[in-house]
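Enquirer: The amino acid sequence is not available; the structure is as follows:
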Ligand code: UFG
C-alpha cells in the first residue's frame with residue numbers, strides 16, 4: 001500500500017492524539033516522517049508505540065513549533081516535501097483563561113511554520129482547523145460555506161489561522177494549502193497502543209466516559225438534559241480518529257498531486273446525542289457508565305454535525321467507522337493504558 005515512498009512530511013504536534021495516529025497512517029503508506037513536538041501535551045512514549053505498530057523508523061525533534069531555528073534546521077537537513085501542522089493548544093475553556101498562550105501557540109506557531117516553509121519554496125501545508133469556527137451554526141448538516149463566528153478564543157485562533165492561509169494563497173498562487181475542519185475526534189487505534197491521553201480531568205466526553213467506566217471517576221456529569229433534541233442532550237458528529245488520520249493523508253495526497261488550496265469538513269455527517277453515546281458505549285463494551293444530568297455547560301451548542309460531501313467529492317475520503325467502533329476502540333485503549341502513556 002505504498003503510494004509515495006519518496007515523499008517526506010514534517011508533522012508538527014506529532015506526539016499528540018491526532019499526530020500519533022496521523023504518523024502511523026503516513027508510515028503505513030510509505031511516507032517519510034519528521035516528527036516535531038515539545039511534549040507539552042503529547043508523550044514521547046507515543047513514538048515508541050508508533051514505531052512498534054508500523055515497524056518503521058522516523059526522525060523525532062523535540063522543539064517548540066515557534067522555534068524558527070529548529071524549523072530552519074529541520075528544513076535544511078531533511079528533504080521535507082510538505083507539512084501537516086497539528087501543534088496547537090486546544091482546550092476551549094482554558095483558551096479564555098490564557099488567551100495570550102493560545103494566540104501565541106496557535107497563530108505564532110502557524111506563522112513560524114509558514115515562514116520556514118516559504119523560505120524553502122512554495123508551501124505545501126495541511127492545517128488542523130476545527131468545526132468550532134462555525135460557532136453556533138444556523139442548521140445542520142453544516143457545509144463549509146456556513147457563517148464563521150467562533151465563540152471562544154480557541155476558535156478565534158483557528159479562524160485566524162484559516163485567514164492567514166487564505167491571504168497566503170491569494171498572494172502566492174503556487175502555495176498549496178489544505179484546511180481541515182475537524183468535528184469531534186474520538187476512539188483510538190484498534191491495537192490499543194495509541195489513543196487519547198489527556199492530562200488531568202478530561203475536558204471532552206469520550207475520555208471522561210472511559211475513565212468513569214474504569215471507575216477512575218465516580219460518575220459522568222451530562223451537561224444539560226433540556227436541549228431541543230429528541231432526548232434533551234446535545235448532538236455532535238463524532239469521528240473515529242483513524243478516519244481523521246486517513247483524512248489527513250487524503251488531503252496531503254491531493255496537495256501533492258494538484259495545484260490549488262481548499263477547505264473541507266472532516267466529519268461523518270451523522271449526529272449522536274450524549275445519551276446515545278453513553279448507551280452505545282455500555283452496550284458494545286458490556287459495562288455501565290453511571291451518569292447524572294447537571295446544568296448546561298456554558299458555550300455548548302445544542303446540535304451540529306458535518307456536511308462531509310465536499311471531502312468525498314474532492315479527496316475521495318469519507319468516514320468509515322461507526323459509533324460502535326469508536327466506543328470499542330476508546331475502551332480498549334483505556335483498559336490497556338489506565339494511566340495513559342506511562
Ligand atoms: N459533555 C458532557 N459531559 C462531559 C463532557 C462533555 O455532557 O463531561 C457533553 C458536552 O456538553 C457536549 C458533548 O458532551 O454536549 C461533547 O462535548 P466535548 O467537550 O467532547 O466536545 P465539544 O463538542 O464541546 O468540543 C469539541 C472539541 C473542540 C472542538 C469542537 C469542534 O473539544 O476542541 O469539538 O466541534 F472545537
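Expert: Received, thanks. None of the values given here were measured: they were computed from a predicted structure.

Enquirer: For the rest of this, base every contact and every neighbour count on C-alpha atoms.
Expert: OK.

Enquirer: Need the residues that contact stretch 153-165.
Expert: Here stretch 153-165 makes contact (Cα atoms under 8 Å, 6 or more residues apart in numbering) with 89-92, 95-96, 99, 102-103, 106-107, 110, 129-130, 132-133, 135, 148, 150, 177, 179.

Enquirer: Now, of those residues, which are buried?
Expert: Among those, those buried by neighbour count (16 or more other Cα atoms under 10 Å) are 89-92, 95, 102-103, 106-107, 110, 129-130, 132-133, 135, 148, 150, 177, 179.

Enquirer: Now, those that are in helices?
Expert: The members of these that map onto helices under DSSP state H are 92, 95, 102, 110.

Enquirer: so the closest residue to residue 252 other than its chain neighbours, which of the three states?
Expert: Take residue 252 and drop its neighbours on the chain: the residue closest to it by Cα to Cα, 6 or more residues apart in numbering is residue 126, 6.6 Å away. Secondary structure state of residue 126, per DSSP: H, G, I helix; E, B strand; the rest coil, is strand.

Enquirer: Kindly report the residues of this structure close to the ligand.
Expert: Within the chain, the positions near the ligand by Cα under 6 Å from any ligand atom are 90-92, 130-132, 183-184, 203-205, 208, 220-223, 234, 274, 297, 300.

Enquirer: Return a selection command, for use in PyMOL, containing the buried ones of those residues.
Expert: A single PyMOL command is used to select the members of those judged buried by 16+ other Cα under 10 Å:
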select buried, resi 90+91+92+130+131+132+183+184+205+208+220+221+222+223+234+274
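
Enquirer: now the helices for the stretch 101-250 of the chain?
Expert: 109-120, 153-171, 205-213, 241-257 (DSSP state H, counting those that start in this stretch).

Enquirer: Next, format those as CSV and append mean pLDDT.
Expert: Shown next, in CSV, are these (pLDDT from 0 to 100):
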stretch, mean pLDDT
helix 109-120, 96
helix 153-171, 97
helix 205-213, 98
helix 241-257, 98
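
Enquirer: Could you export those as JSON lines, including distance to residue 26?
Expert: Shown next, in JSON lines, are these (distance: least, Cα to Cα, whole Å):
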{"stretch": "helix 109-120", "distance to residue 26": "20"}
{"stretch": "helix 153-171", "distance to residue 26": "23"}
{"stretch": "helix 205-213", "distance to residue 26": "25"}
{"stretch": "helix 241-257", "distance to residue 26": "7"}
